[in-house]
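Student: give me a model of this one.
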Amino acid sequence: MVRFIGLDEGAARHRLSGVGTEIVEVGPEGSDLEVESLARVLPEGERHVRGTFEAQPPTPGEEHEAHCAWHTNAVTEAHTINSGLGVFEFWTEEGVVTVVTEPGDLVVNRGAEHRFLPVVHQQLRLHHSGTADQDFGYVATGRTPAPWPTVD
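Tutor: Model (predicted):
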């Protein structure tokens, strides 16, 4: 179940749709829903796993560094959560949308400004658009960070 913090699901999904972002429960790796979702958001030849990211909670003082800082990426991302617990925040014109990510969630981001905090060790399967050797095209936005929410 996808969990949003501070907004009901309908309002959160509406805000996310305005910035080209969606969170889908797809279940285990290779499920029909994961395959169908990847086919819907990434062109053929760009749906393969680009890598696996082992995300650890940041050390104190680094909660707003690297992927934990507000940034954009130059590719369409479609990351499936393998394990653990994390928080993604997306900046929208109507305000921040905070989502708790758990195993079986697929995060699709089409360039929206966001930040990511692993709450406990989290593993993500990375999929993204572009050529085989293309990276994310990470650009820090410099947005002043607010404290991260507490996750139960």
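Student: residue nearest the centroid of the protein?
Tutor: residue 107 (4.5 Å; Cα atoms, centre = their mean).
Student: now the helices: where do they sit in the protein?
Tutor: Counting by DSSP state H, the chain has helices at residues 9-18, 32-41.
Student: buried sites along the last one?
Tutor: To tie it back to what came earlier, the one meant is helix 32-41. Across helix 32-41, burial judged by 16 or more other Cβ atoms under 10 Å covers 34, 37-38, 41. Any C-beta I mention is one placed from the backbone N, CA and C, and that applies to glycine too.
Student: re earlier: what's the closest non-adjacent residue to the residue nearest to the centre of the chain?
Tutor: The shortest distance from residue 107 to any non-neighbouring residue, by Cβ to Cβ, 6 or more residues apart in numbering, is to residue 79 (5.0 Å).
Student: which ones are touching that neighbour?
Tutor: By Cβ atoms under 8 Å, 6 or more residues apart in numbering, the contact set of residue 79 is 53, 106-107, 124-127.
Student: read off the pLDDT value for it.
Tutor: For residue 79, the pLDDT comes out at 96.
Student: partners of the residue nearest to the centre of the chain in the sheet?
Tutor: Judged by DSSP bridges, the bridge partners of residue 107 are residue 23, residue 79.
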